[in-house]
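Novice: mind folding the following:
(2 chains)
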Amino acid sequence: NAGVMQNPRHLVRRRGQEARLRCSPMKGHSHVYWYRQLPEEGLKFMVYLQKENIIDESGMPKERFSAEFPKEGPSILRIQQVVRGDSAAYFCASSPLRQESNQPQHFGDGTRLSIL
Amino acid sequence: DQQVKQNSPSLSVQEGRISILNCDYTNSMFDYFLWYKKYPAEGPTFLISISSIKDKNEDGRFTVFLNKSAKHLSLHIVPSQPGDSAVYFCAASPYSYGNKLVFGAGTILRVKS
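Specialist: Numbers count the residues shown, from 1 in each chain, chains lettered A, B, ... in the order given. The predicted structure follows:
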């Protein structure tokens, strides 16, 4: 499967715990994006990363949320001290080039985070 | 501040007929527009896109029309098939602001056989 791989597909955490969501981009893609979808809403941009570099984090909450895309391994979205409002579907997308080449972003199947 | 709006939450169409999904945007800096289809428990799947230098792009049964002066785009599916039943998201990219996509809230399409 050469698509965008996200794991886990489902994650349950209690309030105050940490959640780690992983994303491996499509083969040959070096740009990763994270989006969050709340119930009955569209996807909302969170962060855009390249290897070892955060390009745009304008959609990230100021506290408790962080993202990284190390030189080796998947991109990680980390949520510390989770609260009920963090319950959502988190989608990762990847693309090979910047959008000036009109390359669409390809999405993984998401991680559904539930906070008890 | 909803920069991309899909005002129809749902649409029901008979198999074989045309489905027309609409999308309006407010940010004149958007210059690349995409349509994604999403099934439950899956990620969005890219369907078709259009650059602001064009007013129409066609790919098989799918055609996207862009009216820049009205800040409006539409997706036409013809003929509609039951497998087209899904949620359709319109998305826009403000190139000059980077690569993030701004999504509408989606339209649920039901194609009845």
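
Novice: identify the residues contacting the residue nearest the centre of chain A.
Specialist: In chain A, the centroid-proximal residue (Cα atoms, centre = their mean) is residue A:34; its distance is 3.3 Å. Counting by Cβ atoms under 8 Å, 6 or more residues apart in numbering or on different chains, residue A:34 touches A:23, A:45, A:46, A:47, A:49, A:67, A:75, A:77, A:90, A:91, A:92, A:93. Where you see a C-beta, it was placed from the backbone N, CA and C, and this is true even at glycine.

Novice: if we use 6 Å, what do you get?
Specialist: Contacts for residue A:34 (Cβ atoms under 6 Å, 6 or more residues apart in numbering or on different chains) come out as A:46, A:47, A:77, A:92.

Novice: can you tell me the SS state at the closest residue to it other than its chain neighbours?
Specialist: With Cβ to Cβ, 6 or more residues apart in numbering or on different chains as the criterion, residue A:34 has its nearest non-adjacent residue at 4.4 Å, and that residue is residue A:46. Three-state call for residue A:46 (DSSP: H, G, I helix; E, B strand; the rest coil): strand.

Novice: which residues outside stretch B:82-95 are in contact with it?
Specialist: With contact meaning Cβ under 6 Å, 6+ apart, stretch B:82-95 is reached by A:42, A:99, B:4, B:6, B:15, B:21, B:23, B:25, B:29-34, B:36-39, B:44, B:77, B:101-104, B:106-111, B:113.

Novice: so how do I select the buried members of the residues you listed in ChimeraX?
Specialist: Remark: buried members of these, expressed as a ChimeraX selection using 16 or more other Cβ atoms under 10 Å in any protein chain shown:
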select /A:42,99 /B:4,6,21,23,25,30,31,32,33,34,36,37,38,44,77,101,102,103,104,106,107,109,111
